[in-house]
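Visitor: okay, here's the prediction I keep looking at, along with the sequence it came from:
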Amino acid sequence: MSNSKREASIENIYTLDGNVPLGEAIPFGLQHVLAMFVSNVAPIVIVALSGKLDQATTTAILQNCMFIAGIGTLIQLFPIWKVGSGLPVVMGVSFTFVAILSYIAATYGYGTVVGAVMVGGLIEGTLGLLAKYWRHFISPVVSASVVLTIGFSLLGVGARSFGGGYVADFGSGKYMLLGTITLVSLLVWQVLAKGFKKQLAILFGLIVGYIVALFMGMVDFSAFQGVSIFSLPKVLPVKPVFNLSAIVSVTLVFLVSATETIGDTTACCVAGVGRQPTTKEISGSLACDGYASSLASVFGVLPVTSFSQNVGLVAMTKVVNRKTIATGGLALVLAGLFPPIGAFFNTLPQPVLGGCTVIMFGQIIVSGIGMLERAGINQRNSLITALALSIGLGFTQFADLFGIFPPLLAEELANNCVAIVFIISLLLDLVLPKNMEVKTSIKAKSGDAKEATGTVN
């Protein structure tokens, strides 16, 4: 190992394992927490409302979700046995499960959600450990198609935040102004800052946006009401109930979520480290997804998976140092132990987040394009990507197209373009002949020869 990696240096933020001075590492880690905080807690609020949980129980689960997201992130960064990728993957509560878990919570109660997540997570984690037996089926063009879809699917999330989130006056002038100020300040920092400081553009944009929001009276401090200084995470705030139908349904969604994790892990590795992830890294990432989700259920939390928002941050900044990003994971753990910290993060206005995420999500698309280029933009790969994106992104605009499927499956497919793109691209990659381009080239050369012959004669 080189001296630069053994000694603490800010230059090591671009390496996985170098040492970075703690004071300089913390701002880069906090960027990751700020980028994902609101999206981490929102799914729990939605499902808790569907399950008619009381306010005290919901508050306890929200506290637990920050703690678990931090623990999951630390395991991804620093694997335990074969669980964890060792890559700069940040974990958070997944929106992928919201539709099915809201239905289960409303129909059977929140306890059934807990039981289904507990079992489904164990199944995904075990499949992750066995990835070496099936990983070879996922070729570079399939991974590129999935990463592109993740980027495209998040564009609406960024736009929604930019316009104010889920509010009655969405898109009003004050939200658009705040989002624009945040975005412009980010870009100005990116242009004027020198060296490694350029990579703090997101944090700078968030700070400027927050300060402006304070002067505009758009920061809601109600999250601090009744908050205690310190509180341990509550184990089993809701007792698990095991329902076979719910378990099967949630396990299927875990398989869908696994495709996103593969895409996130691949994009994170390609964009940040400059290479494809190894089978061991994919296996560890999926195992962490599954087993961390089962652990989350013990605390009443919904499944935690890799966060695409943070993949965009890695793609934009190229900061991949595990110890640096671990400071963000530790901040999440502290937010779960000290509720005022979590309450502060929760005051971040949506337009401020939107001003930063619109560019981060675009970076995921750019990473996907780069992956497709490395896979080879030939006739076969172009056909696979074009058809998978057309069906995945196009058909999900019209939920009625999935009416032939059972209701739960139809709803899940209609709301998950990533899963459809994965399935279509995988099937096409398996059935289309590998030598399509070779045959085309031979015909082209034959035609060229005839044309040349005709010219000579």
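Guide: The structure has been received and is ready for your questions. This structure is a prediction, so every number in the text was calculated from the model and none was measured. Residues are numbered from 1 along each chain as shown.
Visitor: distance between stretch 296-304 and the chain's centre?
Guide: 17 Å (CA atoms, centre = their mean, to the nearest Å).
Visitor: isn't residue 228 up against residue 339?
Guide: Yes. The criterion here is CB atoms under 8 Å, and residue 228 meets it with residue 339 at 5.9 Å. Where you see a C-beta, it was placed from the backbone N, CA and C, and this is true even at glycine.
Visitor: those two: who's more crowded?
Guide: Taking other CB atoms under 10 Å, residue 228 and residue 339 do not tie; residue 339 has more neighbours (22 against 9).
Visitor: so what's that one up against?
Guide: The contact partners of residue 339, by CB atoms under 8 Å, 6 or more residues apart in numbering, come to 63, 227-231.
Visitor: ok, 7 Å please
Guide: Applying CB atoms under 7 Å, 6 or more residues apart in numbering to residue 339 gives the contacts 63, 227-228, 231.
Visitor: spatially, what comes nearest to it if we skip its sequence neighbours?
Guide: Distance criterion CB to CB, 6 or more residues apart in numbering; nearest residue to residue 339, sequence neighbours excluded, is residue 227 at 4.6 Å.
Visitor: give me the distance between the one you found and residue 100.
Guide: According to CB to CB, to the nearest Å, residue 227 and residue 100 sit 31 Å apart.
Visitor: between these two, which has more neighbouring residues?
Guide: Neighbour count, other CB under 10 Å: between residue 227 and residue 100, residue 100 has more, with 23 against 16.
Visitor: the more buried one is in what secondary structure piece?
Guide: According to DSSP states H and E, residue 100 maps onto helix 98-108.
Visitor: from the chain's centroid, how far away is stretch 35-44?
Guide: Per CA atoms, centre = their mean, the displacement of stretch 35-44 from the mean C-alpha position of its chain is 11 Å.
Visitor: got the buried residues for that stretch?
Guide: Under the neighbour-count criterion of 16 or more other CB atoms under 10 Å, stretch 35-44 has 35-41, 43-44 buried.
Visitor: can you pull the buried residues of the helix holding residue 100?
Guide: For helix 98-108, by 16+ other CB under 10 Å, it's 98-105, 108.
Visitor: likewise stretch 251-263?
Guide: 251-254, 256-263.
Visitor: so how far is that stretch from its chain's centroid?
Guide: On CA atoms, centre = their mean, the centre of stretch 251-263 falls 12 Å from that of its chain.
Visitor: mind listing the strands for the stretch 201-350 of the chain?
Guide: 304-306 (DSSP state E, counting those that start in this stretch).
Visitor: about what we covered before: pick out whichever of the buried residues of stretch 251-263 sits closest to residue 351.
Guide: residue 260 (26.1 Å; CB to CB).
Visitor: the closest one contacts residue 418, correct?
Guide: Yes. At 5.1 Å, residue 260 counts as touching residue 418 under the criterion of CB atoms under 7 Å.
Visitor: identify the contacts common to the two.
Guide: Listed as contacting both residue 260 and residue 418 by CB under 7 Å, 6+ apart are residue 150.
Visitor: list the contacts for residue 365?
Guide: Counting by CB under 7 Å, 6+ apart, residue 365 touches 148, 151-152.
Visitor: tell me the pLDDT at it?
Guide: Note on residue 365: pLDDT of 88.
Visitor: what does the one 4 residues further on give?
Guide: The model reports residue 369 with a pLDDT of 91.
Visitor: same question, residue 432
Guide: 93.
Visitor: if I look at residue 295, how far off is residue 75?
Guide: Applying CB to CB, the value for residue 295 to residue 75 is 9 Å.
Visitor: how far away from the center of its chain is the helix or strand hosting residue 363?
Guide: Element membership of residue 363, judged by DSSP H and E, is helix 350-375. Put simply, helix 350-375 sits 12 Å off its chain's centre (CA atoms, centre = their mean).
Visitor: name the residues of it that are buried.
Guide: Applying a neighbour-count criterion of 16+ other CB under 10 Å, one finds 350-365, 367-368, 370-372, 375 buried in helix 350-375.
Visitor: kindly report the same for stretch 180-198.
Guide: Of the residues in stretch 180-198, those with enough neighbours to count as buried (16+ other CB under 10 Å) are 181-183, 185-186, 189-190, 196.
Visitor: related to what we said a few turns ago, neighbour count winner among residue 295 and residue 75?
Guide: Per other CB under 10 Å, whichever of residue 295 and residue 75 has more neighbours is residue 75, with 22 against 18.
Visitor: for residue 57, state which of the buried residues of stretch 251-263 is nearest.
Guide: Once CB to CB is applied, the member of these that ends up nearest residue 57 is residue 253, at 23.4 Å.
Visitor: residues in contact with the closest one?
Guide: Residues near residue 253 by CB under 7 Å, 6+ apart: 96-97, 100, 412.
Visitor: now with 6 Å, please.
Guide: 97, 100, 412 (CB atoms under 6 Å, 6 or more residues apart in numbering).
Visitor: with pLDDT and distance to residue 333 added, can I get these in a markdown table?
Guide: Output for the contacts of residue 253, formatted as a markdown table (pLDDT from 0 to 100; distance: CB to CB, whole Å):
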| residue | pLDDT | distance to residue 333 |
| --- | --- | --- |
| 97 | 83 | 23 |
| 100 | 79 | 28 |
| 412 | 71 | 32 |
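Visitor: ok, the residues you listed vs residue 388, which is closest?
Guide: Nearest to residue 388 among those, with distances taken as CB to CB, is residue 412, at 17.8 Å.
Visitor: contact partners for that closest one?
Guide: Applying CB under 6 Å, 6+ apart to residue 412 gives the contacts residue 253.
Visitor: identify each buried residue in the helix or strand harbouring residue 157, please.
Guide: In this structure, residue 157 sits in helix 140-162 according to DSSP H and E. Using 16+ other CB under 10 Å as the test for burial, helix 140-162 gives 140-154, 157-158, 160-162.
Visitor: restricting to C-alpha, output stretch 277-287 in CSV.
Guide: Output in CSV follows, covering the C-alpha atoms of stretch 277-287 (Å, rounded to 0.1, in the frame of the first residue of the first chain):
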residue,chain,number,x,y,z
PRO,A,277,-18.3,-4.9,-10.0
THR,A,278,-17.1,-8.4,-9.3
THR,A,279,-19.5,-11.3,-8.6
LYS,A,280,-18.3,-11.1,-4.9
GLU,A,281,-19.3,-7.5,-4.7
ILE,A,282,-22.7,-8.1,-6.4
SER,A,283,-23.3,-11.0,-4.1
GLY,A,284,-22.4,-9.0,-1.0
SER,A,285,-24.5,-6.1,-2.0
LEU,A,286,-27.6,-8.3,-2.5
ALA,A,287,-26.9,-10.2,0.7
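Visitor: all good on my end, thank you.
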